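Colleague: what follows is a predicted structure for the sequence shown.
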Amino acid sequence: MIKIYDDFLNNKSLLYIQNIFFNPKFSWLWCDNIVHPPQCDELDDYQFYRVLYENGMKNSKVLEDLAPIIHNPKINCKHVIRIKANCNPRSDKIIKHGFHIDTTTKCTTAIFYLNSNNGYTEFEDGTKVESIENRFVTFPSNLHHGGTTCTDQKRRVVINLNYFDSND
């Protein structure tokens, strides 16, 4: 079941996290293939990303910086498996990158939208979740989903989480 939480963070927490990811000094890495096998034109099959945390990784700064998301009372995050940030540069037309799952582990997948734009997350059943700043969406990890680019902002930036909650 897809759950959408708008106005997920208070303004102070949102600005703090946005300042991390929109800071010119934040280092993004290049990803030459988003979904395997590619489901869009090869020239459009790229994004910038950063794996911020993976199970067991010793990076308390990330967990501290993202605590307003991880420990938000609207969700019940018991244990973080993985946190990854994705940055899709603006394109002339919306590019769908294709459906995938983040992990085969039975858990909760979540997406936090850092900025509003005309990109979206699409699910295999046709459901689309618009990229709206401060929106948080959760769904079962086995639900195939895919992201897009945007045409109305310089970039579309999301934080992707995989975690165990009390229902997993």
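Modeller: Okay, I see it.
Colleague: which helix is the longest one in this structure?
Modeller: Longest helix in the chain, counting residues (DSSP state H): helix 11-21.
Colleague: buried residues in that helix?
Modeller: 13, 14, 17, 18, 20, 21 (16 or more other Cβ atoms under 10 Å). In short, each C-beta sits where N, CA and C put it, glycine included.
Colleague: flag the shaky bits of the protein, pLDDT-wise.
Modeller: 35-38, 40, 46, 58-60, 168 (pLDDT under 70).
Colleague: report the buried residues of the longest strand seen in it.
Modeller: Identified as the longest strand of the chain according to DSSP state E is strand 77-89. By neighbour count on 16+ other Cβ under 10 Å, the buried set for strand 77-89 is 77, 80, 81, 82, 83, 84, 85, 86, 87, 88.
Colleague: ranges for the strands of this protein?
Modeller: For the chain, applying DSSP E gives strands covering 3-5, 29-31, 47-54, 77-89, 108-113, 120-123, 128-130, 135-140, 145-147, 155-165.
Colleague: most tightly surrounded among those strands?
Modeller: strand 108-113 (a mean of 23; mean count of other Cβ atoms under 10 Å).
Colleague: what packs against it?
Modeller: Helices and strands touching strand 108-113, by 3 or more Cβ pairs under 8 Å, 6 or more residues apart in numbering; DSSP states H and E, are strand 135-140, strand 155-165.
Colleague: wait, which of the ones you listed is closest to residue 64?
Modeller: Shortest distance between residue 64 and the helices and strands packed on strand 108-113, using Cβ to Cβ, is found for strand 155-165: 14.6 Å.
Colleague: residue contacts, the closest residue to residue 112 other than its chain neighbours?
Modeller: Nearest non-adjacent residue to residue 112, counting by Cβ to Cβ, 6 or more residues apart in numbering: residue 159, 4.3 Å away. Taking Cβ atoms under 8 Å, 6 or more residues apart in numbering, we find residue 159 in contact with 17, 21, 52, 66, 69, 83, 84, 85, 86, 111, 112, 114.
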